[in-house]
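Asker: next come a sequence and a model predicted from it.
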Amino acid sequence: MVLKVLILGGTSEAFALTGRLTGDPRLELTYSLAGRTAKPRLPQVPTRIGGFGGIEGLTAYLLRHEINVLIDATHPFAEQISANAQAAAALASVPLIALERAAWQPMAGDDWQLVPNLTAAAAALPSTPERIFLTVGRQSLMPFAAKPHHHYVIRVIDPPDIPPEMQNVDILKGRGPFNVDDETSLLREHRIVRLVSKNSGGKAGSAKLVAARSLRLPVLLVDRPVHPGVNTLESVDAVVNRLAHYQASLANRSE
Ligand SMILES: NC(=O)c1ccc[n+]([C@@H]2O[C@H](COP(=O)([O-])OP(=O)(O)OC[C@H]3O[C@@H](n4cnc5c(N)ncnc54)[C@H](OP(=O)(O)O)[C@@H]3O)[C@@H](O)[C@H]2O)c1
C-alpha cells in the first residue's frame, strides 16, 4: 500500500529529503511551499504553492488527501507553519515528523552573543554607528528600523522592502551555499565590524561564521524557537528511516 506523505518545504533539507524519496514506488509525495520566493527550487514531485488557510485549512487538506504522514521540513524560524502543522496533525490524527537541522554551536575563537529574538538583536546593537552584515532574511528587517544609525549590508534571495528609517543600506543578492573564502572577502570588502544572523544551522550558511571567527568579528545570533512535544529529527537519513518504518506498518496493516 502506498504511503501518502505531505512535505512542508522551503529549505535545502526539504529539497534534499524530497530528492532522496523521489521515485520510491511505495510513497506518494506532495511538496508544499509558502510561495515567498520568486524562483523557488522545485523538486520532481507534485508541488502545491501557497498557504493552506491556518490550522483549519491544513487539517482539512490532510483529511481530504488522506495523508498518512506529515513532514515539517520548514525553516527553524518558520514558527507559524510549524505550530499549525503540530495542531493540524493532532486534529487529523496524522503522524508528524519534524526535520530540523541542528543549531550552530560556538567554537573556540568565536565571539557570539545569543539573543532570544530579532527585537532583542536590534536592541543589543551599540549606540555608535557600525557597519553590520545583516543576514536575517528579507521579512525580518523591521526590528532594525529602531537602529537606523548603522550601515547595514543585507544579503537576501529576493529584493526586500527596506523600512524607510533604514537609510544606510547595501543590498547583496545571494543564495547559499556560500564558501569561507568568499565570505571572508565580502566581510573585508564591506569593512564589516559585526554580523547579525538567525541561528538557522546547516552547512549552507555557516561559512560566514567561520569567516567571522578568522577575522575576530563579533556575531549577534538570534536563538531559534522551540517546539515542545514534536518528534524532531536532525537528518534526512533519519527521516528516510522513520518513513520506512511507517511504510512497513502500513503494509502490515493492509495484509
Ligand atoms: N523564516 C525564515 O527565516 C525562513 C528562511 C528560509 C526559508 N523559509 C521558508 O519560507 C517559508 C515561509 O516562512 P515564514 O517564516 O514566512 O513562515 P511562517 O511565518 O511560519 O508561516 C506563515 C504562513 O505561511 C504559510 N506557509 C509557510 N510555510 C508553508 C509551506 N511550506 N507550505 C504552505 N504554506 C506555508 C502558512 O499559511 P497558512 O496559515 O495559510 O497555511 C503559514 O501560516 C517556509 O516554508 C520556510 O520553510 C523561512
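Answerer: Arrived safely.

Asker: what ranges do the strands span in the protein?
Answerer: With DSSP state E as the criterion, the chain has strands at 3-8, 27-33, 47-49, 69-72, 96-99, 112-115, 131-135, 151-156, 169-173, 194-198, 219-222, 232-233.

Asker: now those strands in TSV, with mean pLDDT?
Answerer: Below are these laid out as TSV (pLDDT from 0 to 100):
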stretch	mean pLDDT
strand 3-8	98
strand 27-33	98
strand 47-49	98
strand 69-72	98
strand 96-99	97
strand 112-115	97
strand 131-135	98
strand 151-156	97
strand 169-173	96
strand 194-198	98
strand 219-222	98
strand 232-233	95
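
Asker: so which of these is nearest residue 209?
Answerer: For residue 209, the closest of the strands of the chain is strand 219-222, at 6.4 Å, according to Cβ to Cβ. Every C-beta, even on glycine, is put in place using the N, C-alpha and C of the backbone.

Asker: contact partners for the residue positioned nearest the centre of the chain?
Answerer: Closest to where the C-alpha atoms of the chain average out (Cα atoms, centre = their mean) is residue 75, at 2.1 Å. Residues in contact with residue 75, defined by Cβ atoms under 8 Å, 6 or more residues apart in numbering, are 10, 11, 200.

Asker: in stretch 139-148, what counts as buried?
Answerer: For stretch 139-148, burial by neighbour count (16 or more other Cβ atoms under 10 Å) applies to 140, 141, 143, 144, 147.

Asker: what about the ligand: which of those touch it?
Answerer: Among those, no residue sits close to the ligand (Cβ under 6 Å from any ligand atom).

Asker: nearest to residue 104 among these?
Answerer: The shortest approach to residue 104 among the buried residues of stretch 139-148 belongs to residue 140, at 17.2 Å (Cβ to Cβ).

Asker: how about the buried residues of stretch 139-148 in a markdown table, adding pLDDT?
Answerer: Below are the buried residues of stretch 139-148 laid out as a markdown table (pLDDT from 0 to 100):
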| residue | pLDDT |
| --- | --- |
| 140 | 95 |
| 141 | 97 |
| 143 | 97 |
| 144 | 98 |
| 147 | 97 |
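
Asker: just give the nearest non-adjacent residue to the one residue in the chain that gets nearest to the ligand, would you?
Answerer: In the chain, the residue found nearest to the ligand is residue 51; the distance is 2.3 Å by Cβ to the nearest ligand atom. Setting aside the residues directly before and after it, residue 51 is nearest to residue 34 in space (Cβ to Cβ, 6 or more residues apart in numbering), at 6.4 Å.

Asker: and that neighbour, how far from residue 52?
Answerer: Counting by Cβ to Cβ, to the nearest Å, the separation of residue 34 from residue 52 is 10 Å.
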